[in-house]
Structure formats: C-alpha cells, structure tokens
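A.B. asks: whatever this is, show me its structure:
(2 chains)
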Amino acid sequence: MENNTNLTPTIKTHIATTMTWARYAAILSFVNLGLTFLQLIIGAVKGNLNVFGSVFSFVISGVITLVMGINLLNYSNYAKSSLDNGDSVLLYQALYHLRTYFIVMGILFLIIIGLLLLFVFIAIMVAIYAAAK
Amino acid sequence: MENNESILQVTDFDSSGQNQLNNSGKWAKFIGIVYLFIATLLLLIALLVLANLDLIAAYIMDINGMSIEALEFMMGAGKWLFALMMAFSCFILFLNGFFLVKFGVATKSYATTYTEDALSGSFHHLGRYLMLTTILSIVSTVFSVAAIVYYMLK
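C.D. replies: Here you go, the predicted model:
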C-alpha cells in the first residue's frame, strides 16, 4: 500500500539537496576508507608500521565509517525513491537512516567525551598523588 | 487560505516521519553544541598560546634547546601560520556546529508548530551541513592521495 507524502515543492527541493550531498558524502567516506586501507598496505610493505595498532585502529574507524556511510547512502536512496514515487513510507525509511546516522555520531561523541573526562580525572589523581608524596 | 493549504500538505509528512526527524534533530543539536564548545576551547587555547609564545619558546629552549633559525621562525612566520591554522580550524568547527544546531532547532520548531517554514528550514540547514561534510571529505581525500604518492615516491 502506498501513502502519498504531499510535500510542498519548496520542501521537496530542500530534501533533494540533502539527498545529493548525502550521496556525495557517503561515497567520499567509502573512498577515504579505501585510501586509508591503501596507506595501511603501503606502510606494511615498506615495513614502517606498528601492525597491531594500525590494523586495530583501521578496523574500529572502518566499521564506524561504514555504518555512517551506509546510513547516509540509504537516506539518499530512500529519499530519492520517495521524491520520485511520492511514497511517505519511503520517506519514513530515509528519515530512519538519517536518525541512525546522527545516533551513531552522537554515541561516538559521548564515548570520546567520556574518555576525555576519564583522562582528566586520572591526570588530576596522579597530580594529587605526586604532590602528596 | 494558501497558507492553510500549505500547512495541511506539510502535516501529512509528520504522520510518517516527524518522530524520526525530531530524534535526528535532538542528536544533531547535541553534536552541534559539542562542536561549538570544542571551537570555543580551541580558540581560547590558541589565544593563550599566542599571548604566551615568549614563555613557551623559553621553556622549549630550556628543555630541548632550539636553533636561532627555529626560534626566529617560531616568533615570526610560524606564529602567524599557527594563528591562521587555528582560526581556520575554529571556523570549520563553528560552521559544523552552527548548521547542526540550526537543524536541531528547526526540527524542534516543526514538532510544535507544524509550519512549512520550520520543516523547510530544517532540511535547508541539514543540506548545508552535508555540503560542508562533503567539502571536508574532498579535502581529506586530496591529502590522503598526496600522502600515498609521497610514500610511494619516498
């Protein structure tokens, strides 16, 4: 069953703009991931690489980039289908992927802030311990 | 009359996706505020470093030692290069934060008013944010390619 979106032309234009830029941003994030992998290979071949650390950080950043890129690309694809067909279910799917993109990014920020606060706390504890010694 | 029609048209949108858009806006606002906070922090650090460059140079001299050329560069062109890089970084972070916060505010406004302007504004700011992300990705790609070429020629 198809539900019509009935969006105004102005909003359709703005959604089309976000759709285009989201597609470019997603494709470029995949390209950058590929280039990072190439750098990893070149580093390994040249022998100037901490293999474990580099592979570990690549896997972590790779998974995050892939999840965010796929969600952006899905947003773009569903938004395009929605604008083409006027189907609100497809628009809902697009917005679901946009929400997931921001949630992943937000959780990442929360983890980074948590780690920073932990480091500051440890630094203060070390300073207090050193002063008391 | 025309305004009422446009509101009715737009309200149809919220039955399917308004909740998703509102959630996106909340997270985007949080990320935007973090960006703005980091930009402000970076600006303060840059100002403090620039204001105390003499002390920092003297401290580095005491620990590692420094050639006259390096010291002259640090106090001359290096200082301005650092200021330029920090200003550019702050500007980029500020823009990212600004667009995300505006997107968050507009989605929240749409959730309460259901006006076309609010919904249109939210997608407008989201578009700007995605455009900036794309431009930064292009810059990052260019640097990555340059690094790969450099490593291969080395």
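
A.B. asks: helices or strands up against the longest helix seen in chain B?
C.D. replies: With secondary structure taken from DSSP state H, chain B has its longest helix at helix B:2-51. Helix B:2-51 sits against helix A:88-132, helix B:77-113, helix B:116-153, with contacts defined as 3 or more CB pairs under 8 Å, 6 or more residues apart in numbering or on different chains; DSSP states H and E. Quick note: C-beta positions are derived from backbone N, CA and C, even for glycine.

A.B. asks: for the record, mean pLDDT for the longest one?
C.D. replies: Mean pLDDT, taken over the full extent of helix A:88-132, equals 94.

A.B. asks: rewinding a little: got TSV for the helices and strands packed on helix B:2-51, with distance to B:Ala39 and mean neighbour count too?
C.D. replies: Shown next, in TSV, are the helices and strands packed on helix B:2-51 (distance: least, CB to CB, whole Å; neighbours: other CB atoms under 10 Å in any protein chain shown):
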stretch	distance to B:Ala39	mean neighbour count
helix A:88-132	14	15
helix B:77-113	4	17
helix B:116-153	13	18
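
A.B. asks: next, format these as TSV and append distance to B:Ile68.
C.D. replies: Formatted as TSV, the helices and strands packed on helix B:2-51 follow (distance: least, CB to CB, whole Å):
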stretch	distance to B:Ile68
helix A:88-132	35
helix B:77-113	13
helix B:116-153	30
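
A.B. asks: what's the closest of those helices to B:Ala70?
C.D. replies: Comparing those by their distance to B:Ala70 (CB to CB), the top pick is helix B:77-113, with 8.5 Å.

A.B. asks: right, and the helix or strand after the longest helix of chain B?
C.D. replies: Next helix or strand after helix B:2-51 toward the C-terminus (DSSP states H and E): helix B:53-63.

A.B. asks: angle of that next one against helix B:2-51?
C.D. replies: 50 degrees (axes from the mean of the first three to the mean of the last three CA atoms, to 10 degrees).

A.B. asks: which residues sit against helix B:53-63?
C.D. replies: B:Val49, B:Met66, B:Leu71, B:Met74, B:Met75, B:Lys79 (CB atoms under 8 Å, 6 or more residues apart in numbering or on different chains).

A.B. asks: how far away is A:Gly34 from A:Leu7?
C.D. replies: 36 Å (CB to CB, to the nearest Å).

A.B. asks: returning to that earlier point: rank the contacts of helix B:53-63 by pLDDT and give me only the lowest.
C.D. replies: Out of those, that is B:Met66, at 72.

A.B. asks: the residue lying closest to that one once chain neighbours are set aside: how many residues sit nearby?
C.D. replies: Residue nearest to B:Met66 in three dimensions, not counting chain neighbours: B:Ile60, with 5.8 Å by CB to CB, 6 or more residues apart in numbering or on different chains. When counting by other CB atoms under 10 Å in any protein chain shown, one arrives at 14 neighbours for B:Ile60.

A.B. asks: and what of B:Met66?
C.D. replies: Neighbour tally, B:Met66, other CB under 10 Å: 16.

A.B. asks: wait, a helix at it?
C.D. replies: No. Using DSSP: H, G, I helix; E, B strand; the rest coil, the assignment for B:Met66 is coil, not a helix.

A.B. asks: which residues sit in contact with it?
C.D. replies: Contacts of B:Met66 (CB under 8 Å, 6+ apart): B:Ala57, B:Ile60, B:Met74.

A.B. asks: now the second one: how far from A:Ala130?
C.D. replies: Yep, that's B:Ile60 we're talking about. 23 Å.
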